[in-house]
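Enquirer: give me the fold of what follows.
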Amino acid sequence: MILKEKYINPFTDFGFKKLFGSEPNKELLIDFLNEVVLPEQRRIIDLNYKNNERLGSFELDRKAIFDLYCVGTNGQRFIVEMQKAKQNYFKDRSVYYSTFPIQEQAIRGDWDFKLSEIYTVGILDFVFTEDKEEKKVRHEVKLKDQDREVFYDKLTFIYLEMPNFFKSENELKSTYDKWLYVLKHLPNLENRPKTLQEKVFAKLFEVAEIAKFSPAEKEEYEESLKTYRDLKNVIDTSKMEGKLEEKIEVEENNFKGKM
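Expert: Reported below is the predicted structural model:
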């Protein structure tokens, strides 16, 4: 495969973990979490990566494998997932995943059940079916009561619907905007945009430059990119076939109406 892009695609498994999943680059993940996920009063200054494979309490329990799992400065747990394609019961899966960092906080013996905050973050390359008309990018979900007041603030689900982010480079104002712009457009950029001059983005573009990869990294990325493109092709084909079937059905109904 001949790589034409200068920078990696963060929606590939390799690209996502290259940017956010390694100790030398964890400042990128810290900044992303602080600017996109966390409220200002709860920001972190450091984090530790944890084993991203979690098993249930018993041998027959189903296991979960997260893209990234880490623990922040004050014990906050973060599950970060890059989801390339729409999946049945994705929200259910997010809730299921959140149960693992809950259970692991249990302490043997006397325990008052105090839990640290848990954040499940989904960076989505698709739009939820029920949100097609809203064009909303960021969804923040907490446990609320019948009056829509937050009942429990230590369990938070954040979904970023990247197809709904439409800002151009000239419209980027906040670091939040800049992060979303980079995630969506990185493989299509020739150079670092002038608006992304912060130190963290200088680091990101340096890490993401394919020419600086080792031969083994290039091979791994090429395989990951092929998997991503194959998946996208399958999805695009399904969409086209669905639209064609819908068009045929409309034309048939119109024809019947004229008979």
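Enquirer: for Y176, what are its contacts?
Expert: Y176 sits next to 35-36 when contact means Cβ atoms under 8 Å, 6 or more residues apart in numbering. Just so you know, the C-beta spots here come from the backbone N, C-alpha and C atoms, and that holds for glycine as well.
Enquirer: how about the helices in the stretch 51-200 of the chain?
Expert: Taking DSSP state H, counting those that start in this stretch to define them, one finds helices in the stretch 51-200 of the chain at 90-103, 175-185, 199-208.
Enquirer: of those helices, which is nearest T237?
Expert: helix 90-103 (20.9 Å; Cβ to Cβ).
Enquirer: how far does that closest one sit from the chain's center?
Expert: Relative to its parent chain, helix 90-103 has a centroid offset of 15 Å by Cα atoms, centre = their mean, to the nearest Å.
Enquirer: return the set of buried residues in it.
Expert: Across helix 90-103, burial judged by 16 or more other Cβ atoms under 10 Å covers 90, 93-94, 97-98, 100-101.
Enquirer: and the strand of greatest length in the chain with helix 175-185, angle?
Expert: In the chain, assigned by DSSP state E, the strand with the most residues is strand 150-161. Strand 150-161 runs at 40 degrees relative to helix 175-185, counting by axes from the mean of the first three to the mean of the last three Cα atoms, to 10 degrees.
Enquirer: just checking: what are the partner strands of strand 150-161?
Expert: strand 118-124 (parallel), strand 138-144 (antiparallel) (DSSP bridges).
Enquirer: quick check: mean pLDDT of that strand?
Expert: Averaging pLDDT along strand 150-161 gives 94.
Enquirer: hang on, isn't R77 packed against P101?
Expert: Yes: counting by Cβ atoms under 8 Å, P101 is a contact partner of R77 at 3.8 Å.
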